[in-house]
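Enquirer: 3D model of this:
(chains A and B)
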2 protein chains.
Amino acid sequence: MVTLALALTMGDPAGVGPELSLRAWQALSGDPKAPAFFYIGDGDLLAETGRRLGLEVPIARIDAPRQAPTTFVQALPVLHHPLAVAAEPGHLDPANAPAVLQSIESAVALTQAGEAAAVVTNPINKAALYDAGFRFPGHTEYLGHLAGLSQPTVMMLACDELRVVPVTLHVSLKEAIAQLDADTLAHACRVTHAYLRDHLGIAQPRLAVSGLNPHAGEQGAMGREELDMIAPTLEALRAEGLDLRGPLPADTMFHARARQNYDAALCMTHDQALIPIKTLAFDEGVNITMGLPFVRTSPDHGTALDIAGQGIARADSLLAALRMAGQLSAGGAAHG
Amino acid sequence: MVTLALALTMGDPAGVGPELSLRAWQALSGDPKAPAFFYIGDGDLLAETGRRLGLEVPIARIDAPRQAPTTFVQALPVLHHPLAVAAEPGHLDPANAPAVLQSIESAVALTQAGEAAAVVTNPINKAALYDAGFRFPGHTEYLGHLAGLSQPTVMMLACDELRVVPVTLHVSLKEAIAQLDADTLAHACRVTHAYLRDHLGIAQPRLAVSGLNPHAGEQGAMGREELDMIAPTLEALRAEGLDLRGPLPADTMFHARARQNYDAALCMTHDQALIPIKTLAFDEGVNITMGLPFVRTSPDHGTALDIAGQGIARADSLLAALRMAGQLSAGGAAHG
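Expert: This is a model prediction of the structure:
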């Protein structure tokens, strides 16, 4: 039983965040099983977006997050933080960067104070923030900084059919091979294990781990990373009590029967992880940040400036992110 | 209207080839739209396999491939090549290597002589052949040698939903990055273009080409292979008249809507190509060898020695390979 609402950040006000937030309220407010959320951002921006796109969404300013669950059934609850300048869809304005960051800071502070169940973030645009002095590689690193983390977070992507964890991420393939080491792999496995246990209530999570090379190297015939690093690291983690399969050939890990054998798949490269999940569920993938001291999810897309304000952006991924955040924070409450 | 039958090789007699060949005849002999095939191998092995597994398949020895289409409706036509020693399921015997190779040689010779429509190969085991003096890296290279090819063949994997072409193949990921160059990429694009045109009757094939790095390098932020090599190579090929999209981020190429935009996807690494097709169609994938002077398909699995002779191997991929060979050879007849 979730008694707290989710904190939804504004994201970049020039992107698809405002319209998707309105659509998310339309989709979830009538569903008693769906989590309530409140929006941290400019209430006038939401009202104006609704008027322009003909979305009939009543907006209700609230003073405190605890009012949100009751308000949510009748109106979209907003913790109002005004923008510096009116946002124009598709046109980034660094003048609004402080408001974008303040929304994120507020969501984290309220969640850590026990006033909100989890943080769900609308997409931001790093370029606009950099122009205003932002100094983090991305959204997630900023959240880690706000939470005072010393270890890196680990990203999971989830849909109904599959959960994947890319062990290396947004670097060239050559650099990914160079970065991949025992510490990085072990950290990703441990964080994933703990997260599935604590937030999804899986007592002994089953992890499947891919190889780096085709056919997981085929006993050294096509690369030695499996023999030299991956297999020994998994062996050491098994001694810690983790349930791990692998290194497995990445190409045979993701069909329907194979997916029955694990709760999450850890992959050595970005594409090994992202290809199967985007092939299976392009619109409904959710990004989950593991390793933070609170639950954070986000839609698996960007600000989509090219279509912002046209009313054609799909809310599937934000909806999935909100539902997932509700599920993960309830799981965390139930399991400690 | 195909008037020639397909030549189906024996493959390793200790693998799943014999039982799958029997099941394939059961599935196709009653279907007037399915292609007829004849088996090149030991007729006694087939009869014995059928008896042991309770598969009621009449075997008919034929003298010439042209008898096969008529025979096929009543019995599985066999061009008899006896084994040196009786095959035991699951147990490789180098003594039978000459018969395995002779079956392949015969299939190629008959197809090149216009006596068979195409070559469909059952899986072989390289270890058993190496022990008997075989000196080729694999099945496909041997076929290229028999056909007197000077250029490398190009592999395509196909299922109902997708066709993929891995530009690099069975080497370590590090080596794949090193091997990937303009000549290799251009050769794969040209061969795929010609094949789709000549064998599938697609007048102007649309090819989608992936990047090597995450997000196709994101304008150089995550690797430069796209800017330095892939994009200029595609540009040069467009000037030759090829219809090419890319370099595209590999993770967003394979969902249902994206697949509507191309006839085949060329991928820089083994896993980029194999992950999506095996995720979508694990049992029904077909391996097509492009660049040979005849049509050759094969099931997308190995000898499966661990389950050979038990009657549990799935014939889906061999069936798909036979149907595909029929389609490709008819397309070839119709278009060139």
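Enquirer: is it true that A:Gly15 touches A:Thr121?
Expert: No. Using Cβ atoms under 8 Å as the test, A:Gly15 is too far from A:Thr121 to be in contact (11.8 Å). All C-beta spots, glycine's among them, are computed from the backbone N, C-alpha and C.
Enquirer: now do the helices in the stretch 51-200 of chain A.
Expert: Using DSSP state H, counting those that start in this stretch, the helices of the stretch 51-200 of chain A run over A:68-72, A:97-112, A:126-131, A:139-146, A:173-179, A:182-200.
Enquirer: lowest average pLDDT across these?
Expert: Out of the helices of the stretch 51-200 of chain A, the stretch the model trusts least by mean pLDDT is helix A:126-131, with a mean of 88.
Enquirer: ok now that helix, how far from the chain's centre?
Expert: Taking the mean C-alpha point of helix A:126-131 and that of its whole chain, the gap between them comes to 20 Å (Cα atoms, centre = their mean, to the nearest Å).
Enquirer: now do stretch A:86-96
Expert: The gap between where stretch A:86-96 is centred and where its chain is centred comes out at 24 Å by Cα atoms, centre = their mean.
Enquirer: ok, stretch A:109-124 next?
Expert: 12 Å.
Enquirer: closest point of the stretch 51-200 of chain A to chain B, which residue?
Expert: For the stretch 51-200 of chain A, the residue positioned closest to chain B under Cβ to the nearest Cβ is A:Ser172, at a distance of 3.0 Å.
Enquirer: so that residue makes contact with B:His215?
Expert: No. At 10.3 Å, A:Ser172 and B:His215 do not qualify as touching, with contact defined as Cβ under 8 Å.
Enquirer: what comes into contact with stretch A:250-259?
Expert: Taking contacts as Cβ atoms under 8 Å, 6 or more residues apart in numbering or on different chains, the residues outside stretch A:250-259 that touch it are A:161-162, A:208, A:210-211, A:214-216, A:265, A:267-268, A:272, A:276, A:280, B:270-271, B:274-275, B:278-280, B:282.
Enquirer: and A:Gln204, backbone torsions?
Expert: Backbone torsions of A:Gln204, given as degrees, to the nearest 10, read phi -130, psi 90.
Enquirer: show me chain A divided up by domain.
Expert: For chain A, automatic domain parsing gives the domain ranges A:1-153+A:292-336, A:161-280.
Enquirer: circling back: now do the contacts for the residue of the stretch 51-200 of chain A closest to chain B.
Expert: With contacts taken as Cβ under 8 Å, 6+ apart, A:Ser172 has the following neighbours: B:Asn213, B:Pro214, B:Gly217, B:Met222, B:Gly223, B:Arg224, B:Glu225.
Enquirer: how about a cut-off of 10 Å?
Expert: Contact criterion Cβ atoms under 10 Å, 6 or more residues apart in numbering or on different chains gives A:178-179, B:177, B:212-214, B:217-218, B:220-226 as the residues in contact with A:Ser172.
Enquirer: could you do A:Ser21 as well?
Expert: For A:Ser21, the contact set (Cβ under 10 Å, 6+ apart) comprises A:8-11, A:37, A:39, A:41, A:45-46, A:49-50, A:57, A:76, A:78, A:120, A:122, A:315, A:318, A:322.
Enquirer: and A:Thr279, how far from chain B?
Expert: Shown here: A:Thr279 relative to chain B, a distance of 4 Å by Cβ to the nearest Cβ, to the nearest Å.
Enquirer: what is the neighbour count of the closest residue to that residue other than its chain neighbours?
Expert: Distance criterion Cβ to Cβ, 6 or more residues apart in numbering or on different chains; nearest residue to A:Thr279, sequence neighbours excluded, is B:Phe254 at 4.2 Å. A count of neighbours around B:Phe254, defined by other Cβ atoms under 10 Å in any protein chain shown, yields 28.
Enquirer: before we move on, back to that, closest one of the contacts of A:Ser172 to A:Pro94?
Expert: Relative to A:Pro94, the closest of these is B:Ala221; by Cβ to Cβ it sits at 20.5 Å.
Enquirer: how is that closest one assigned, secondary-structure-wise?
Expert: Each residue gets one of three states, and B:Ala221 gets coil by DSSP: H, G, I helix; E, B strand; the rest coil.
Enquirer: count of residues packed around A:Ala64?
Expert: Counted with other Cβ under 10 Å, A:Ala64 comes out at 11.
Enquirer: over to A:Gly223?
Expert: Residues contacting A:Gly223 under the criterion other Cβ under 10 Å number 23.
Enquirer: equivalent analysis for A:Val167, please.
Expert: Here the neighbour count serves as a burial measure; for A:Val167 (other Cβ under 10 Å) it reads 28.
Enquirer: quick one: residues contacting the closest residue in space to it that isn't next to it in sequence.
Expert: Computed as Cβ to Cβ, 6+ apart, the closest residue to A:Val167 that is not its neighbour in sequence is A:Ala188, at 4.8 Å. Contact criterion Cβ under 10 Å, 6+ apart gives A:152, A:154-156, A:165-168, A:207, A:209, A:266-268, A:290-291 as the residues in contact with A:Ala188.
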